[in-house]
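*Asks:* Whatever this is, show me its structure:
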Amino acid sequence: MERNFRDFFENENKILFDGAIGTQIYAKGVPKGHCYDELNISMPEIVKTIHREYLEAGAEVLTTNTFGANRYILDKYFDLGRKAKDINYFGARIARSVAKEKAFVAGSIGPISRPLDKEDNPSPDELKSIFREQIEALLEGGADLLIFETFACLNELIVGIETARELSSEVFIIAEMSFPNNGLTLYGKNPFEVSVKLSETEADVIGSNCGTGPQNVFEVVRKMGRVTEKPLSAMPNAGLAQFVQGKFYYPYNPEYFANYGKKFLSAGVKVVGGCCGTTPEHIRILKEKTKALSVQPRKIKKIEIIEEKEREKEENPYTGLMKLLRKKKAISVEIDPPRDVNFKKLVRKLEEYGRFVNTINVSDSPMARTRMSPIALGKILQDMLNKEIIVHYTCRDRNILGIQSDLLGASALGLHNILSLGGDPPSIGDYPFATGVYDLTSEGLVEMMSSLNRGTDLLGNPIGDKAHFYIGVGFGINEETSDKEIEKLKKKIEKGAHFVITQPIYKIKGMEKIIDKIQSLGVPIMVSIMPLISYKNAEYLHYEVPGITVPEEILKRMEGKSKREGELEGAKISKELIKELKGLVNGFLIIPPFNKLHLLEDIFG
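*Replies:* Below you'll find the predicted structure:
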């Protein structure tokens, strides 16, 4: 067989690719978390064995083990960016050594950027440079064609195609996108739009891979085929993966998968193969079931994609807290939820002392100590006490899916005031072995809420009815607060933050300029006041809590004081601070240590 894939493609009615590489590597005992692409250098025999199994199953094209082997991904996740060229070169050489004259080698190229890494994503010029390095190494290693797989961003895929074509006017290019989002890409593009756009490129074949299984990919390529004259490819997953007893499993369904192979051919798809979860057995049965079948002609209808930018829905948060802050009348108390299911004791205390405040802040497991959900307690307090509620929400405990789910639920419950926080690390709390998730930073959380306010998710996909979050952010304020920290705060405000709550302060001198700088950013500010209750408490805050400074004169006032005497002196100091700041800021947050709500009466009574 001459290694000219373009001639082979023109002369064949249908072409069979191999299946998953990563799934097979995992099945052979290499754990998740290892850089599978790097095995081209360190454990080439494993990769070679997988290629050989697919060749024996009847695959006409073997795909290189280089899906994630671009410089950017290798460097960011594995510190292997310097080895990108070698990994791709040897990936192609390994596949070539197995294919020989019996099969062709497709150089696998995956996406560079990740949908949510908005701050770090490479520029178009950087993308070209990264693609160029990978493509050159694959071609040098002996790849007969290139396959761009599992792309989410259409523009990035187009850059990849253009880069490949600039490097070679002859190389055969297959370009595939994934549509796991109910038949849309992660960025909300539909198959018709993608098909029309890719038809305008110099890709030789366009199609879809991965997705959620054969049915998903079939529906996608059927739609793509209606609006393009280009040949089509389809390489679906075996189905949805599940995690059982510490391992990932895909459905083992070779017969079902092969039946969809027949459907692909009937829908006019010329190139078929498998993605995640598929095995040599899937490919063997697919070849067997489609051996006597031919690709059927498609009915093509020309359509025009009209570029029309949808006007973003304007944010329209309006809460009672907003009104209180505008009038500089917001007085809130921060409470820690109970550590059990009994909220009634806390409610009784709030009923007794809540007359001094118009708002309640509900913390989110501070110091990483397990407490009742702030959303659940916030709803209870809102219904029972008829006060404004500010729910503290941290990025520590939930991934992006959980965060968005919680926020939608909070909005549906009428909890619109949300304070975005990073959260104390689990290592200091009840369960030091627990995992801190931190999929988002507090800035990313602000951006997510702002997106929901516009009726979209974090990727810009429409979600339906918009939320009405009034978004707050925390800010450490002391004499050492730098312009750099103010600039970070400014970025959060640009992302959608509406108000600021400071960390506790114990002196005014030197703070006025910082407060002015915050207010110049156009948002209201609430200053936190944490009443001191003893000299021991004052010392702890000053020496052990980052971001809080207790001046020497305050420490002297608290010296020797504890119990009720300490509480009264601490309340007196708090009252003095509030008096001095009143009129300068939009409100105050009182943070009584250990939920000592009777301190509210000492301060305001």
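*Asks:* List the residues that contact Glu255.
*Replies:* By CB atoms under 8 Å, 6 or more residues apart in numbering, the contact set of Glu255 is Ile285. (Glycine included, C-beta is placed from N, CA and C.)
*Asks:* Can you list the buried residues in whatever helix or strand it lives in?
*Replies:* Assigned by DSSP states H and E, Glu255 belongs to helix 254-266. Using 16 or more other CB atoms under 10 Å as the test for burial, helix 254-266 gives 254, 256-258, 260-261, 264-265.
*Asks:* Using CSV, write down the CA coordinates of that helix.
*Replies:* Output of helix 254-266 as CSV, limited to C-alpha atoms (Å, rounded to 0.1, in the frame of the first residue of the first chain):
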residue,chain,number,x,y,z
PRO,A,254,-19.8,-3.4,20.7
GLU,A,255,-22.9,-4.7,19.0
TYR,A,256,-24.9,-1.5,19.8
PHE,A,257,-22.0,0.6,18.7
ALA,A,258,-21.7,-1.3,15.4
ASN,A,259,-25.4,-0.8,14.7
TYR,A,260,-24.8,2.9,14.8
GLY,A,261,-21.9,2.4,12.4
LYS,A,262,-24.5,1.2,9.9
LYS,A,263,-26.7,4.3,10.6
PHE,A,264,-23.7,6.5,10.1
LEU,A,265,-23.1,5.1,6.6
SER,A,266,-26.8,5.5,5.7
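*Asks:* what's the offset of it from the middle of its chain?
*Replies:* Chain-centre distance of helix 254-266: 34 Å, with CA atoms, centre = their mean, to the nearest Å.
*Asks:* could you point out which element follows it?
*Replies:* Defined by DSSP H and E, the subsequent element after helix 254-266 is strand 269-272.
*Asks:* Run through the neighbouring helices and strands of that next one.
*Replies:* Applying 3 or more CB pairs under 8 Å, 6 or more residues apart in numbering; DSSP states H and E, one finds that strand 269-272 contacts strand 15-16, strand 205-210, strand 232-236, helix 254-266.
*Asks:* Direction included, what does that strand pair against?
*Replies:* strand 15-16 (parallel), strand 232-236 (parallel) (DSSP bridges).
*Asks:* out of the helices and strands packed on strand 269-272, nearest to Arg396?
*Replies:* Across these, Arg396 has its closest neighbour in strand 205-210 (30.7 Å, CB to CB).
*Asks:* Show the pLDDT at Ala59.
*Replies:* The model reports Ala59 with a pLDDT of 98.
*Asks:* Could you list the low-pLDDT ranges of the protein?
*Replies:* Low-confidence segments of the chain (pLDDT under 70): 1-2, 118-119, 304-316.
*Asks:* helix/strand/coil for the residue positioned nearest the centre of the chain?
*Replies:* Centroid-nearest residue in the chain, with CA atoms, centre = their mean: Leu116, separated by 4.7 Å. Put simply, Leu116 is coil when judged by DSSP: H, G, I helix; E, B strand; the rest coil.
*Asks:* Out of the strands paired with strand 269-272, which gets nearest to Gly142?
*Replies:* Between the strands paired with strand 269-272, strand 15-16 lies closest to Gly142; by CB to CB that is 18.7 Å.
*Asks:* any residues touching that closest one, and which ones?
*Replies:* 8-9, 58-61, 270-273, 283, 286-287, 290.
*Asks:* Now secondary structure too, for those, in JSON lines please.
*Replies:* Supplementary listing: these in JSON lines, determined by three-state DSSP:
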{"residue": "Phe8", "secondary structure": "helix"}
{"residue": "Phe9", "secondary structure": "helix"}
{"residue": "Gly58", "secondary structure": "coil"}
{"residue": "Ala59", "secondary structure": "coil"}
{"residue": "Glu60", "secondary structure": "coil"}
{"residue": "Val61", "secondary structure": "strand"}
{"residue": "Lys270", "secondary structure": "strand"}
{"residue": "Val271", "secondary structure": "strand"}
{"residue": "Val272", "secondary structure": "strand"}
{"residue": "Gly273", "secondary structure": "coil"}
{"residue": "Ile283", "secondary structure": "helix"}
{"residue": "Leu286", "secondary structure": "helix"}
{"residue": "Lys287", "secondary structure": "helix"}
{"residue": "Thr290", "secondary structure": "helix"}
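*Asks:* hmm, back to that, in contact with the residue lying closest to the residue nearest to the centre of the chain once chain neighbours are set aside, which residues?
*Replies:* Excluding the flanking residues, the one nearest Leu116 by CB to CB, 6 or more residues apart in numbering is Leu458, at 6.5 Å. Residues in contact with Leu458, defined by CB under 8 Å, 6+ apart, are 116, 400, 404, 444, 447-448, 451.
*Asks:* In helices, which of those appear?
*Replies:* 400, 404, 444, 447-448, 451 (DSSP state H).
*Asks:* what's the straight distance from one end of stretch 419-438 to the other?
*Replies:* End-to-end distance for stretch 419-438: 16 Å, by CA to CA, to the nearest Å.
*Asks:* list the buried ones in that stretch?
*Replies:* Neighbour-count burial for stretch 419-438 [16+ other CB under 10 Å]: 419-424, 426, 429, 436-438.
*Asks:* can I get the residues you listed in a markdown table with distance to Phe594?
*Replies:* A markdown table is the format used below for the buried residues of stretch 419-438 (distance: CB to CB, whole Å):
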| residue | distance to Phe594 |
| --- | --- |
| Leu419 | 20 |
| Ser420 | 25 |
| Leu421 | 20 |
| Gly422 | 23 |
| Gly423 | 20 |
| Asp424 | 17 |
| Pro426 | 22 |
| Gly429 | 17 |
| Gly436 | 25 |
| Val437 | 28 |
| Tyr438 | 28 |
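*Asks:* Pick the one among those residues closest to Pro236.
*Replies:* Val437 (30.0 Å).
*Asks:* ok, now which ones touch the nearest residue to Tyr438 once chain neighbours are set aside?
*Replies:* Leaving aside its chain neighbours, Tyr438 sits nearest to Cys395 (5.4 Å; criterion: CB to CB, 6+ apart). Applying CB under 8 Å, 6+ apart to Cys395 gives the contacts 403, 421-423, 437-442, 444-445.
*Asks:* how close does Cys395 get to Glu443?
*Replies:* Plainly put, Cys395 is 10 Å away from Glu443 if you go by CB to CB, to the nearest Å.
*Asks:* mind listing the helices for the stretch 251-400 of the chain?
*Replies:* Assigned helices in the stretch 251-400 of the chain, in chain order: 254-266, 280-290, 320-326, 344-353, 374-385, 400-412 (criterion: DSSP state H, counting those that start in this stretch).
*Asks:* Not counting the fourth one itself, show me its contacts.
*Replies:* Judged by CB under 8 Å, 6+ apart, the contacts made with helix 344-353 from elsewhere in the structure are 333, 335, 337-338, 360, 380-381, 384-385, 595, 597-598, 600-601.
*Asks:* starting at the chain centroid, how far to it?
*Replies:* On CA atoms, centre = their mean, the centre of helix 344-353 falls 39 Å from that of its chain.
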